[in-house]
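> Below are the sequence and a predicted model; questions follow.
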Amino acid sequence: MKRIFLVEDDKEIAKNLTLLLQSQGFAVTHAPTQREAVAMIADNRFDLALVDISLPDGNGFAVCTEIKENQDIPLIFLTASGDESSVVTGLNMGANDYITKPFRPRELIARIGTALRKSGSSESDFEIRGLHVDTASGIVKKDGKEIFLSALEYRLLLVFINNPKIIITRAKLLDELWDAAGEFVNNNTLTVYIKRLREKIEDNPADPQIIFTVRGTGYRLGGGHV
């Protein structure tokens with residue numbers, strides 16, 4: 001049974017999350033404060049951590065640091081702020097993902113499943129056409145030079161990295177990005193974000209070789225023209 005470490009100060013949210021996770025076959029250990037979370041990290045082994053960024057006696061970043069120093073497990077931040085700078089900080093500290101409250105239960109379970117599957121492999125580096133993504137640290141480089149993506153751009157890139165051999169429909173992308181950075185993403189803004197991401201990662205955004213458009217369907221990662 002996979003053990004989830006839940007760090008969340010809101011009693012009602014913690015109760016509902018615990019029931020949800022237990023219904024999916026997870027064992028849950030809950031800490032409502034930074035102090036209690038740090039103490040539990042020292043005495044327990046977990047498979048994944050869900051950490052609220054805002055805590056009554058500190059913040060989730062300190063908990064993230066403590067976890068990363070003691071356990072090699074995936075971490076997903078929970079945030080109600082929609083504060084993109086906080087999200088980017090969390091990703092740069094090594095968080096695997098984040099989800100903005102309120103979130104859909106099935107989305108959270110899907111994110112947890114993805115993080116656990118990825119942690120089953122020691123492979124955290126991804127490379128394609130001069131683009132290097134270290135998903136463990138959240139660092140993205142192009143031809144050896146670090147590039148800075150917004151939280152939503154990084155999430156978008158991760159969707160492609162996690163689905164390297166399939167065509168990803170626009171509907172699927174919209175579903176993945178619906179709550180990123182607390183923004184509502186529709187068809188028009190998705191096109192804008194794809195354009196912005198290409199401008200940062202492609203050698204020639206007008207002739208993309210990393211994110212291809214599959215006309216009438218969606219997009220796919222690399223590997224020849226469609």
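Nice, I can see it.
> how is this protein carved up into domains?
Domains of the chain are assigned by automatic domain parsing as 3-119, 125-221.
> quick one, which of the ones you listed is packed in tightest?
domain 3-119 (a mean of 18; mean count of other CB atoms under 10 Å). Bear in mind the C-beta positions are built from the backbone N, C-alpha and C, glycine included.
> Quick one: end-to-end length of that domain, please.
In domain 3-119, first residue to last residue: 14 Å (CA to CA, to the nearest Å).
> what about that domain, average pLDDT?
For domain 3-119, mean pLDDT is 88.
> Likewise for stretch 146-159?
Here the average pLDDT along stretch 146-159 is 88.
> residues making contact with that stretch?
Residues outside stretch 146-159 that contact it (CB atoms under 8 Å, 6 or more residues apart in numbering): 84, 87-88, 91, 97-98, 133, 135, 138-141, 168, 172-173, 176-177, 180-181, 183, 185, 193-194, 196-197, 200-201.
> again, only this time at 7 Å
Identification of contacts with stretch 146-159 by CB atoms under 7 Å, 6 or more residues apart in numbering yields 84, 87-88, 91, 133, 138-141, 168, 173, 176-177, 180-181, 183, 193, 196-197, 200.
> For the spatially closest residue to residue 93 that is not a sequence neighbour, which residues are in contact?
Computed as CB to CB, 6 or more residues apart in numbering, the closest residue to residue 93 that is not its neighbour in sequence is residue 64, at 5.2 Å. Contacts here follow CB under 7 Å, 6+ apart; on that basis residue 64 touches 51, 75, 90, 93, 94, 95.
> now swap in residue 62 and tell me
Counting by CB under 7 Å, 6+ apart, the residues that residue 62 touches are residue 34.
> these two touch, right, residue 108 and residue 99?
Yes. Between residue 108 and residue 99 there is a contact at 6.0 Å, judged by CB atoms under 7 Å.
> Residue 215 versus the residue positioned nearest the centre of the chain, what's the distance?
Compute the mean C-alpha point of the chain, and by CA atoms, centre = their mean the closest residue is residue 97, 2.0 Å away. Using CB to CB, to the nearest Å, residue 97 is found at 30 Å from residue 215.
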